[in-house]
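1. this is a predicted model, with the sequence first.
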Amino acid sequence: MASHKIILYQVFTRLYGNRCEARKTNGTIEENGAAKFNDYTPSRLKQWREELGVTHVWYTGVLRHATMTDYTRYGIPRQHPAVVKGRAGSPYAVADYYDVDPDLAVDVSQRMEEFLRLVNRTHRAGLKVVIDFVPNHVARQYHSIAKPEGVRDLGEDDNPEVGFDPEHNNFYYCPGQTFTPYFELYHGEREPYTERPAKATGNDCFHNAPGKDDWYETVKLNYGVDYYAGGVGHFDPIPSTWLKMRDILLYWAAKGVDGFRCDMAEMVPAEFWAWATQEVRRQYPEVVFIGEVYNPALYRRYVASGFDYLYDKVGMYDALIDVVCRRRDVAAITQAWQQTDDIRSHMLYFLENHDEQRLASDFIAGDGRRAVPALVVAALLQASPFMLYCGQEWGERGMDAEGFSGRDGRTTIFDYWALTPQRNRLYDVYSRVLAIASQERAVSEGLMFDLMYVNGHLHEQYAFLRKAGRELLLVVANFADVPVETAVCLPAHAFDYLGIPEGKRTAEELLSGASCEVTLQRDQSVAVSLNAHSASVLKIMV
């Protein structure tokens with residue numbers, strides 16, 4: 001676990017900085033272009049570190065995945081478009097765990113070398129590299145052409161005549177049944193897509209006919225859980241899939257990858273994670289595991305299974321979005337952190353990612369500036385990591401209809417498109433807030449004290465203290481649409497818990513640089529002036 005504040009920057013690799021601005025709906029890579037590994041230059045990486053406080057970069061969509069783009073001239077198998085979502089394809093339908101996306105290479109034949117140079121550039125910039133590990137499912141036409149010598153491919157030794165084999169089969173099957181999803185199997189092709197027997201679909205669809213809302217482009221991997229018998233686990237002897245996935249993790253760790261964002265981690269048994277994280281850390285003790293777990297009832301189980309950090313989606317994310325959208329008042333924030341207080345160092349806070357709607361979209365705030373108070377809370381409330389999604393910092397709206405991804409408030413993960421970095425007023429706000437998160441000891445390692453229980457008059461403002469050593473921060477975020485003049489009570493218990501001496505002090509407002517005089521006194525209030533959708537961070541030396 002890091003002693004400094006981790007700021008994880010998620011970049012959707014093929015979109016960010018793509019210089020082609022054609023933005024044609026359903027456009028091909030020739031029409032709409034794609035960013036390359038080489039576009040992530042030392043100056044860009046330095047900018048992320050110095051201006052946004054980034055410590056880790058999550059390069060989303062690195063592994064080779066199913067796509068409609070034809071790369072057969074490079075020896076890459078073509079995927080049938082009936083089982084590809086969008087022209088570019090979903091990065092979560094991995095077609096080869098040992099290969100990288102050819103879309104991201106200037107020279108496709110040298111794509112791995114170009115990725116390794118990106119890893120080296122990122123490290124030289126003082127940043128850590130995180131990539132996706134997608135353990136629950138693979139593309140329907142998964143076939144590795146880049147696996148090391150002696151490695152047996154997923155499914156290569158399966159017996160498809162049985163639905164489930166706990167030790168040897170990597171997939172689940174529907175014996176004697178043909179894959180027949182809701183759509184016609186040609187999808188514009190001369191020959192239909194054929195799969196017999198049908199394999200189970202990635203979102204635990206254990207029959208041969210997934211619907212349009214299923215993850216029909218994927219197949220479920222078998223970790224020894226017999227879903228046909230109600231979810232009975234068979235983990236001794238160790239299932240074949242466990243060994244193969246461990247080797248994939250070790251393969252990328254050996255190439256300099258510092259961490260893995262583990263997709264849909266809760267759909268893979270915790271027993272596997274407990275074993276695999278230990279196996280990887282035996283050789284690479286510093287590797288970080290970040291889990292996508294949506295069920296709060298499972299948080300502690302997956303932390304105990306070796307995860308450093310978990311998304312706090314059904315908790316802090318939902319609470320902050322609801323407060324921004326006026327569906328709940330600020331008390332929801334207190335409730336959210338209290339539910340995970342015993343594992344707070346493991347919770348990763350965020351306001352956007354590739355799955356969620358953009359803050360500036362018409363579906364959330366309509367303007368990224370309205371979510372600034374949520375940013376301040378998410379970034380400064382705890383010492384645990386904060387994740388920023390590329391484009392969030394300049395107010396990307398996600399309101400394009402790119403192709404397979406419609407006008408849904410999300411940035412497409414299925415289509416060729418472009419995100420153009422902007423320097424604007426919102427970017428400057430993000431830069432100041434994240435500088436506080438990354439540079440202030442009170443944030444990176446200090447204690448937190450929630451002030452809301454003695455400030456019942458606050459329904460649209462959220463206030464808390466952070467303290468490390470002699471440095472005290474009073475943070476007040478205003479979610480209201482109007483400016484406010486308010487008084488924030490500092491209870492006696494805060495003075496005792498944090499060791500705050502009473503007296504008059506000079507405070508520096510870290511977001512504006514202004515100074516003011518404050519009086520710190522038990523059970524007395526500090527006056528705070530706030531613009532609409534803003535925050536105040538008062539730094540006081542005590």
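-> Looks like it came in fine.
2. once you drop chain neighbours, what's closest to the most centrally placed residue in the chain?
-> Taking Cα atoms, centre = their mean, the centroid of the chain lies closest to N353, which sits 5.4 Å from it. The spatially closest residue to N353, leaving aside those adjacent along the chain, is Y389, at 5.1 Å (Cβ to Cβ, 6 or more residues apart in numbering). For every residue, glycine as well, the C-beta is placed using N, CA and C.
3. how close does the residue nearest to the centre of the chain sit to H234?
-> 34 Å (Cβ to Cβ, to the nearest Å).
4. same question for V303.
-> 25 Å.
5. N170 too?
-> Taking Cβ to Cβ, one finds N170 at 14 Å from H234.
6. quick one: the strands in the stretch 401-542 of the chain?
-> Here the stretch 401-542 of the chain has its strands, by DSSP state E, counting those that start in this stretch, at 447-450, 461-468, 471-478, 484-490, 503-509, 515-520, 524-530, 534-541.
7. list the neighbouring strands of the first one plus their orientation.
-> I take that to be strand 447-450. strand 461-468 (antiparallel) (DSSP bridges).
8. ok, M399 touching Q357?
-> No - with contact defined as Cβ atoms under 8 Å, M399 does not reach Q357; the gap is 9.7 Å.
9. which residues do these two both contact?
-> Common neighbours of M399 and Q357, using Cβ atoms under 8 Å, 6 or more residues apart in numbering, are G409.
10. hmm, S90 is touching T67, no?
-> No - the criterion here is Cβ under 8 Å, and S90 misses it with T67 at 9.1 Å.
11. show me which of the two is the more surrounded one.
-> Taking other Cβ atoms under 10 Å, S90 and T67 do not tie; T67 has more neighbours (28 against 21).
12. give the contact list for the more buried one.
-> Here T67 is in contact with 79, 84, 87-89, 95, 101, 103 (criterion: Cβ under 8 Å, 6+ apart).
13. could you list which of the residues you listed belong to strands?
-> A95 (DSSP state E).
14. okay, V303 and H234: which has more neighbours?
-> It is V303, of V303 and H234, that has more neighbours when counted by other Cβ under 10 Å, with 21 against 16.
15. test my guess that that one contacts R344.
-> No - counting by Cβ under 8 Å, V303 stays clear of R344, with 10.9 Å between them.
16. quick one, helices of the stretch 101-250 of the chain?
-> 111-124, 240-254 (DSSP state H, counting those that start in this stretch).
17. to G150, which of these lies closest?
-> The closest of the helices of the stretch 101-250 of the chain to G150 is helix 240-254. By Cβ to Cβ, the value is 10.2 Å.
18. just the helices from the stretch 251-400 of the chain, written as ranges.
-> Under DSSP H, counting those that start in this stretch, the stretch 251-400 of the chain gives helices at 270-283, 299-304, 318-324, 331-339, 372-380.
19. before we move on, back to that, just say which of the helices of the stretch 101-250 of the chain is most tucked in.
-> Of the helices of the stretch 101-250 of the chain, the one with the most neighbours on average (mean count of other Cβ atoms under 10 Å) is helix 240-254, at a mean of 19.
20. ok and that helix relative to helix 270-283, angle-wise?
-> 30 degrees (axes from the mean of the first three to the mean of the last three Cα atoms, to 10 degrees).
21. show the secondary-structure elements that helix 240-254 is packed against.
-> strand 94-100, strand 128-133, helix 270-283 (3 or more Cβ pairs under 8 Å, 6 or more residues apart in numbering; DSSP states H and E).
22. could you give the mean pLDDT of it?
-> Helix 240-254 shows a mean pLDDT of 98.
23. quick check: closest non-adjacent residue to L320.
-> Per Cβ to Cβ, 6+ apart, closest to L320 is A374, 4.3 Å.
24. which residue, other than its chain neighbours, is closest to H354?
-> Using Cβ to Cβ, 6+ apart, the nearest residue to H354 is I413, at 5.2 Å.
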